[in-house]
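> Here is a sequence with its predicted model. Questions after.
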Amino acid sequence: MVKEYQINSDTQLWNDFIKGNQDAFQVIYSNHVHSLYKFGCHFTSDEELVKDCIHDLFVDLAKYRFGLGTTNNIKLYLFKSLKRKIIKSLERKSNFESFDKENIPFIYINSAEEELVEEESEKSRYIQLNSAIEALSPRQKEAIYLKIVSGLSYEELARVMHVNYQSARNLVFRGLEKLRETFPRTTVLFFLYRNRH
Amino acid sequence: MQPKTNKPTTDFIHNPDFVNWVISPSEESEKYWQSWIINNPLRKSELMEGRTLIEGLVRKEKTLSESEVLSLWNKIEDTRSHKKLRFIKIRRWSAAASILILLGVSGWLVLKLNTSKQKIINYQTLASNVPASNNIELVLADHSQKTFTNKQVEIKYDHSGKLETKAGEETQSEDLQQSTEGLQMNQLFVPRGKRCNLVLADGTKLWLNSGTKAIYPVAFSGKTREIYIEGECYLEVAHDALKPFYVVTDQVKVKVLGTKFDISAYKDDCIAAVVLVEGSIEANDGSENFLLKPNDLLFYQKQTHKVTVEKTNVLPFISWKDGWMLCEKEPIHVLTRKISRYYDLKINFTDPRINNMTLTGKLDLKNNYEDVFKIICATAPLKYEIIGDSIFLTVKEKK
C-alpha cells in the first residue's frame, strides 16, 4: 500500500532513495544504466568488468545511502563514481608499475562498430576520421565524448574529469580543432556532392 | 569565454546550439538552421563540413540488451539481500550468545522481571530473529520450529493452550505447556508467495499476507492484549472491553476494542497504513493519537513521520484476504510490488513510462501469475516476458 510515487526532480528522487524508497532506487537504476554502461565501455574493452563495476556501484549506493549527501545531479554523481570504480579495478587487474592512473586510455571507437560501411567514399571518410580521433590525447577524447555524445555541460565535464572549468573547455576546444585540421576537405566535397543528388 | 578563431568552421563545431542540432535535431532547430543556410548560402559548405565532423563523433556504442539490464538488476538485488541475510545470521548468533549470558544471571533476571510492572518487549529484535525462509515458519516459545511448505496454512490457538495447525489435508494438534507467569511469545513468519490464517487464544482472527511476520503470546494473561506485525495483516479482533487489543508495528501502534481492520507496515514500503472496516480504533504514531472511524484510512509517511487520515473505499485494501486484488487507479509499480509479494516473483521494468500508468479493475489471485499478467497486459498497453524466475514488463509500442 504505497501511495503513488512521483518524481519531480533529481533532488527529490535522490532524497527518496536515501530515505530507503526502493522505487526511487529502481528508477535511478533504469534511468541511468544504459548511459553508464556506454560510458564505462570507453575505458576498457572488458564488458564484464564494466557490468561488475555498475553492480558494485549500485550495491554500494544502497548500502551506504544513509551516509550519502544530497545531489541535484544524479547522472553526474553516477558517472563520477563509475569512473572511479572502473579505474580502481583496472588498477587492481594490471601489474601496478605499468598502470598510469593519470593516463588511462580512452577507447573512442569500440569494437561494437563493425558495421560495414557500403559506400567507398563513406568508408574512407570513416577511416580518416577514425585516425584523426585516435591521434587525440585520451583526455581530449574523453572530453569530446562527454561533451558531444553524453551531452554534459562544461561544469559537469570538469567534475567528471577532475579539472577546472577552463581546462574542460580547452580540452574540448583543442580536441575539436585538432580533428578539424586532420579532417580532410575532400571528403566534405564528396559528401556535398552526394547530397545534391 | 567562448574561444574565438578566424576559421569559420570553428564557429560551428564550437557552437552548442549547432552541436545540439546535429546530435538531436528538434523541429525548432531544424527550422532555424535550414533558414540560416538559405540566408547564408556562401557558408553552406562550411556548415556541412562542421556537421559531418560532429556526426562522425557519434559512434555506435556498446549497449546492454533489456535482458542484460534485468539480470544486472537482479544481481544487484541478490547481492543486497545476501548482505541482509549475512546480517541476520550474525544477529541470530549474538542472540544465542545473549541467551547464554542471561542464563548465567537468571536469578537476577527473574527478580528483575517480577519487580518491573511493565515489561517492554523489543519486537524489532525478536522479529529480526525470525528465520528467513521460503516456507511458513512457526517458532514456539521453547524455540522449537514448525515448517509448512504449503501455500496457505491455518494456525489456531485456543484459550486452553491448544495449538492446531492445518496445512492442506494435514491437521496437527498439540498442547502447549503454559507457565503461569510471563508471556510466552510465538513467532510466525509468512514468506513472499504464501498466506496464513491465524486465530489467537482470545478468538481474534488474523489474515497474514505474504512477506509478514507476527509475534504474539500463546495466551493473553495480562491486562492488555498485544501483538506485533511487520508486513500486512487483516484483523478481526475479538471483543473484550476489559482487555484492549494493541497491534504494534515499527511505526504505528493501534489500540482496538473489537473491530475489523487492515494494517500494512512492510519494512520496504515507505508508508505504513491502517484501514478500518468496522468498529473504532485509536492509532498512535508515538506522539499523537488518531481516532479512526469505519472507512478511514490512516497513512504514515516514514520519511516525514507525517500522519494523514482520509476516507477511502476499504475494499481495495482488504480484497487480498479473499483472493482478489481490487485496483482503483493503482499505479503499476505499486500493483506489481503487491503481486510480486503475493506470488513471490521478481517483476521488473525499466521503461520510465510504466511508472505513470495506473490500473483499475479486479484481479483474481487464485489464478496463476501468468493469467494475472495476461489480464494486466490486456488492460494496460504492456507486454510481459518471462525470463528465468522474473517477469519483465515492456510498453507495447503503437504501430
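Perfect, I can see it now. Numbers count the residues shown, from 1 in each chain, chains lettered A, B, ... in the order given.
> Pull the residues that contact stretch B:72-82.
Residues from elsewhere that reach stretch B:72-82 (CB atoms under 8 Å, 6 or more residues apart in numbering or on different chains): A:26, A:29-30, A:33, A:51, A:54-55, A:58-59, A:62-63, B:64, B:346, B:348, B:350, B:390. Quick note: C-beta positions are derived from backbone N, CA and C, even for glycine.
> gap between B:Val199 and B:Tyr369?
Per CB to CB, to the nearest Å, B:Val199 is found 29 Å from B:Tyr369.
> Just the buried ones from the contacts of stretch B:72-82?
A:26, A:29-30, A:33, A:51, A:54-55, A:58-59, A:62, B:64, B:346, B:348, B:350, B:390 (16 or more other CB atoms under 10 Å in any protein chain shown).
> Quickly check those residues for the two that are furthest apart.
Maximum pairwise distance in the buried ones among the contacts of stretch B:72-82, criterion CB to CB, is 19.7 Å, between A:Ala62 and B:Leu64.
> B:Arg353 and B:Thr394 touch, don't they?
No - if you go by CB atoms under 8 Å, B:Arg353 and B:Thr394 don't touch, sitting 9.8 Å apart.
> More neighbours: those two, which one.
The neighbour comparison of B:Arg353 against B:Thr394 (other CB atoms under 10 Å in any protein chain shown) goes to B:Thr394, with 18 against 12.
> What residues does the stretch 101-250 of chain B have near chain A?
Residues of the stretch 101-250 of chain B found near chain A (CB under 8 Å from any CB of the partner chain) are B:Glu232.
> now the strands for the stretch 101-250 of chain B?
B:136-139, B:145-148, B:152-157, B:162-167, B:170-175, B:185-190, B:195-199, B:205-208, B:212-217, B:225-236, B:245-248 (DSSP state E, counting those that start in this stretch).
> For my notes, please list the ones you listed in JSON lines and give mean pLDDT for each entry.
Shown next, in JSON lines, are the strands of the stretch 101-250 of chain B (pLDDT from 0 to 100):
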{"stretch": "strand B:136-139", "mean pLDDT": "88"}
{"stretch": "strand B:145-148", "mean pLDDT": "87"}
{"stretch": "strand B:152-157", "mean pLDDT": "90"}
{"stretch": "strand B:162-167", "mean pLDDT": "89"}
{"stretch": "strand B:170-175", "mean pLDDT": "84"}
{"stretch": "strand B:185-190", "mean pLDDT": "88"}
{"stretch": "strand B:195-199", "mean pLDDT": "91"}
{"stretch": "strand B:205-208", "mean pLDDT": "90"}
{"stretch": "strand B:212-217", "mean pLDDT": "89"}
{"stretch": "strand B:225-236", "mean pLDDT": "87"}
{"stretch": "strand B:245-248", "mean pLDDT": "86"}
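> Columns distance to A:Glu177 and mean neighbour count on top of these, output as CSV?
Shown next, in CSV, are the strands of the stretch 101-250 of chain B (distance: least, CB to CB, whole Å; neighbours: other CB atoms under 10 Å in any protein chain shown):
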stretch, distance to A:Glu177, mean neighbour count
strand B:136-139, 69, 21
strand B:145-148, 72, 17
strand B:152-157, 72, 20
strand B:162-167, 76, 17
strand B:170-175, 81, 11
strand B:185-190, 66, 22
strand B:195-199, 68, 21
strand B:205-208, 69, 21
strand B:212-217, 65, 23
strand B:225-236, 63, 23
strand B:245-248, 69, 22
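> domains for chain B, by residue range?
According to automatic domain parsing, chain B comprises the domains B:8-54, B:69-117, B:121-175+B:194-317, B:323-395.
> Tell me which residue of chain A lies closest to chain B.
Residue of chain A nearest chain B, by CB to the nearest CB: A:Ser30 (3.7 Å).
> Can you tell me the SS state at that residue?
helix (DSSP: H, G, I helix; E, B strand; the rest coil).
> By mean pLDDT, show me the worst of the domains of chain B.
Comparing mean pLDDT across the domains of chain B, the weakest is domain B:69-117, with a mean of 48.
> Any regions of chain A where pLDDT drops low?
Confidence mapping of chain A against pLDDT under 70 gives the ranges A:1-8, A:95-99, A:101-102, A:110-123, A:125, A:182-197.
> give me that answer again for 50
Counting by pLDDT under 50, chain A shows low-confidence ranges at A:1-5, A:186-197.
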